[in-house]
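Novice: Pasting the sequence and the predicted coordinates here, then a few questions.
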Amino acid sequence: MQINYTNISNSFALLYHINFMKTNGILIDSIIFMKHNLNSITIWIILSFLSINIANSQSVRLVRTDVDSTREGFVTSTYMFGFDLVIDNLENCNNASFRLKFDNAKYVKYSGAAIRDFGSEGELLIYENVISGGDEVILDIGVFSGQPLQENEFDNPNLVNLEFVVLPTAPDNQSVNFSFENAFGASFVDGVGQSIPLSAAPVNYDIHGFVQVWPGDSDRDGDVDNIDWTVVYENLKFKERFPGFRSFKRQNPSTLWKAQRALVWDMEDATYSDCDGDGEISATDFFVVYLNLTEDGGSVKSPSYNSDESHIGKTHNDLQNQNEIKIPIYASHSSDYYASIASVSIDNKKIDNLLRVEKGELFNSNSNLMYDIKSQSVEFTIGDFDKSFSVKENGIIAYLVFSDNSDVTTSDIEINTLKGVTRNRKLVDLTLVNSLNEAKENSIISVKSNSVDINSEELIRLVSIFNISGQKLFEAEPNSKQFSFNKSEIPHGFLLISIDGQTYPLINR
Ligand SMILES: [Ca+2]
Ligand SMILES: [Ca+2]
């Protein structure tokens, strides 16, 4: 081991106390006397001045550098974490030395260090000693300013930044503890160098590791029911509401009812509300609650809650206002279903006028609706926890309610996703018409200058026409393969025409 030393301007013989671990694993505890005015310094030994203590309030503390103070209590598997070691109440600090121990070393590894306030003139010495057979690591650390022991600018210096990594194998609910021994800081007080003991409280960090998420069981009680819906609601829009807090996508995420490996989020409870594993809490996660509803899912009282958050809501149809524009979302019926999810794109100039989503007549007053209005789309999930409930027909699944100053029309709206879940956990497509263009191509309806003609290969039994509020304007029972009616019988504008349960858009210009 090489010890170089210069520029110590005081004329004392110095006592150096070195605790370090050599690479051969032998702990050397040596005392070295040195004289001043040697040349070529690299001060990288731990100075321990024989002196009186000036006070006992000097201390060294850990300041996390990878996360803000709201998250300083834990570290996360697969991620690095770090902290600065900062001295308090010590002026003219010239150097400091201490032993830092940490446990759970099979999951937490020391990875590197950087000198802080002492900067390029300073020197940092660290010896890492992994206690063989144990689960503990000792870091013997010395930090030198590289300056003469006299008045200097280093009051309460930040000594060093240390970095660690938590291995992916770290289980959840473990912790890592950091503690100090033999911490001293050298200071220049009243014309004399002094070695001051530093107090340092041990610090404990919880380890966030991998846990098992059962998609839909947000409250982790083993069942999926309406309480889980409420818990998902509490964590809704996690990333938006808690910027800076980490959430993690699951690898190979699935909504199947089986345990899925997930890394615990910075806010642990939210981990379990991400039912589909995409790293955010959204309408889809509500739908997964319905998807994986357990048999007794309807046995618990319906949740009730209010939201003050704009753009997120659950409404009943008691907010109707005559001056609002209600655009129905029609759903087809191929199998009975009890919950549905939709994603609807809306022209970004019009979406500002979207006030809310309301349940359509296919659902009842106890059914749950959650909607989330985004910048260019709205997502919603509607379902019912009553196990006797199911939707058995075509009809209006929901209304998009716009303010009356909106000039929104159905052409501003496009349904991207509209699916339902059946009691045997099958996803069924409920989309009636994906877009107006597609509807035109597939349409069996032709709008002439004076009439609307319907030509079908099958017998047409019932034709109904609705306005966009779902109000029935016209009904006929042709009982033939062709049917025509005069356009004067229906109003101008965008309408919906239902032919034996299939609904199509109809524009009467
Ligand atoms: Ca549950
Ligand atoms: Ca999610």
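Specialist: Right, received. Where do you want to start? Ligands and ions are numbered 1, 2, ... in the order given.
Novice: for the protein, what spans make up the helices?
Specialist: 226-234, 238-241, 283-291, 436-442 (DSSP state H).
Novice: Serialize those helices to CSV and add fields for distance to ligand 2 and mean neighbour count.
Specialist: For the C-beta atoms, the positions are set from N, CA and C on the backbone; glycine is no exception. Converted to CSV, those look like this (distance: least, C-beta to the ion, whole Å; neighbours: other C-beta atoms under 10 Å):
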stretch, distance to ligand 2, mean neighbour count
helix 226-234, 9, 23
helix 238-241, 9, 17
helix 283-291, 4, 27
helix 436-442, 29, 13
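Novice: between those, which one is nearest to residue 423?
Specialist: Evaluated with C-beta to C-beta, these place helix 283-291 nearest to residue 423, the distance being 10.6 Å.
Novice: returning to what we had before: for the helices of the chain, which one sits closest to ligand 1?
Specialist: Proximity to ligand 1 (C-beta to the ion) singles out helix 226-234 among those, at 4.3 Å.
Novice: What confidence value was assigned to the residue nearest in space to the middle of the chain?
Specialist: Residue closest to the average C-alpha location in the chain (C-alpha atoms, centre = their mean): residue 247, at 3.2 Å. Residue 247 is assigned 95 on the pLDDT scale.
Novice: if I pick residue 257, what's in contact with it?
Specialist: Contacts for residue 257 (C-beta atoms under 8 Å, 6 or more residues apart in numbering) come out as 214-216, 224, 292.
Novice: Run through the residues that contact the residue nearest to the centre of the chain.
Specialist: Counting by C-beta under 8 Å, 6+ apart, residue 247 touches 238-239, 265-266, 270-271, 274, 279-280.
Novice: Make TSV from these and add distance to residue 446 and pLDDT to it.
Specialist: What follows is the contacts of residue 247, written out as TSV (distance: C-beta to C-beta, whole Å; pLDDT from 0 to 100):
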residue	distance to residue 446	pLDDT
238	50	94
239	48	93
265	55	96
266	58	94
270	53	95
271	54	96
274	48	97
279	48	95
280	45	95
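Novice: Mind giving me the ChimeraX command for buried ones among the residues you listed?
Specialist: Per 16 or more other C-beta atoms under 10 Å, the buried members of the contacts of residue 247 correspond to this ChimeraX selection:
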select :238,239,265,266,270,271,274,279,280
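Novice: out of the contacts of residue 247, who's nearest ligand 2?
Specialist: Distance to ligand 2 across the contacts of residue 247 (C-beta to the ion) is lowest for residue 274, with 4.3 Å.
Novice: Adding distance to residue 170, write the contacts of residue 247 out as JSON lines.
Specialist: As requested, those are arranged in JSON lines below (distance: C-beta to C-beta, whole Å):
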{"residue": "238", "distance to residue 170": "23"}
{"residue": "239", "distance to residue 170": "24"}
{"residue": "265", "distance to residue 170": "15"}
{"residue": "266", "distance to residue 170": "16"}
{"residue": "270", "distance to residue 170": "20"}
{"residue": "271", "distance to residue 170": "15"}
{"residue": "274", "distance to residue 170": "20"}
{"residue": "279", "distance to residue 170": "20"}
{"residue": "280", "distance to residue 170": "24"}
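Novice: Surely residue 238 touches residue 268?
Specialist: No: counting by C-beta atoms under 8 Å, no contact exists between residue 238 and residue 268, whose distance comes to 11.7 Å.
Novice: Could you find the residue in the stretch 1-150 of the chain that comes nearest to ligand 2?
Specialist: residue 76 (18.9 Å).
Novice: Count the neighbours of that residue for me.
Specialist: Counted with other C-beta atoms under 10 Å, residues neighbouring residue 76 total 24.
Novice: these two touch, right, it and residue 268?
Specialist: No: in this structure, residue 76 is not within contact of residue 268 by C-beta under 8 Å, at 10.4 Å.
Novice: what is in contact with those two at once?
Specialist: Residues touching both residue 76 and residue 268 (C-beta under 8 Å, 6+ apart) are residue 208.
Novice: Identify the bridge partners of residue 368.
Specialist: residue 383 (DSSP bridges).
Novice: What is the nearest of the contacts of residue 257 to ligand 2?
Specialist: The closest of the contacts of residue 257 to ligand 2 turns out to be residue 215 (C-beta to the ion; 9.4 Å).
Novice: Can you check the pLDDT for residue 410?
Specialist: On pLDDT, residue 410 comes in at 73.
Novice: typed the wrong thing, it's residue 72
Specialist: For residue 72, pLDDT reads 94.
Novice: do the same with residue 365
Specialist: pLDDT, residue 365: 88.
Novice: if I look at the residue nearest to the centre of the chain, how far off is ligand 1?
Specialist: Look at residue 247 and ligand 1: by C-beta to the ion, to the nearest Å, they are 20 Å apart.
Novice: Next, give phi and psi for that residue.
Specialist: When read as degrees, to the nearest 10, the backbone of residue 247 gives phi -120, psi 160.
Novice: Give me the distance between it and residue 282.
Specialist: For residue 247, the distance to residue 282 (C-beta to C-beta, to the nearest Å) stands at 12 Å.
Novice: What of residue 425?
Specialist: With distances taken as C-beta to C-beta, residue 425 is found 20 Å from residue 282.
Novice: pLDDT at the residue lying closest to residue 214 once chain neighbours are set aside, what is it?
Specialist: Of all residues not flanking residue 214 in the chain, residue 259 sits nearest, at 5.9 Å (C-beta to C-beta, 6 or more residues apart in numbering). Looking at residue 259, its pLDDT is 90.
Novice: what's residue 259 sitting at in phi/psi?
Specialist: With angles defined as degrees, to the nearest 10, residue 259 sits at phi -70, psi 130.
Novice: Confirm for me that residue 383 is in contact with residue 359.
Specialist: No: when contacts are counted by C-beta under 8 Å, residue 383 is not listed as touching residue 359 (10.3 Å).
Novice: shared neighbours, these two?
Specialist: Shared contacts of residue 383 and residue 359, defined by C-beta under 8 Å, 6+ apart, comprise residue 367.
Novice: interface residues of the stretch 251-400 of the chain facing ligand 2?
Specialist: Residues of the stretch 251-400 of the chain found near ligand 2 (C-beta under 5 Å from the ion) are 274, 276, 278, 285.
Novice: Count residues in the vicinity of the third one, would you?
Specialist: This points to residue 278. Per other C-beta under 10 Å, the neighbour tally for residue 278 reads 14.
Novice: Out of the helices of the chain, point me to the one whose mean pLDDT is lowest.
Specialist: The stretch with the lowest mean pLDDT among the helices of the chain is helix 436-442, at a mean of 44.
Novice: mind listing the strands in the stretch 401-509 of the chain by residue range?
Specialist: Taking DSSP state E, counting those that start in this stretch, the strands of the stretch 401-509 of the chain run over residues 413-421, 427-429, 445-447, 451-460, 463-467, 472-476, 480-486, 493-499, 502-508.
Novice: Of all those, which one is nearest residue 187?
Specialist: Residue 187 sits nearest to strand 413-421 of all the strands of the stretch 401-509 of the chain, at 66.9 Å, using C-beta to C-beta.
Novice: pLDDT averaged over that closest one - what is it?
Specialist: Mean pLDDT, strand 413-421: 89.
Novice: Parallel or antiparallel, which strands does that strand pair with?
Specialist: In the sheet containing strand 413-421, its partner strands are strand 339-346 (antiparallel), strand 427-429 (antiparallel), by DSSP bridges.
Novice: mind putting the ones you listed in JSON lines, mean pLDDT included?
Specialist: Compiled in JSON lines, those are given as follows (pLDDT from 0 to 100):
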{"stretch": "strand 339-346", "mean pLDDT": "93"}
{"stretch": "strand 427-429", "mean pLDDT": "89"}
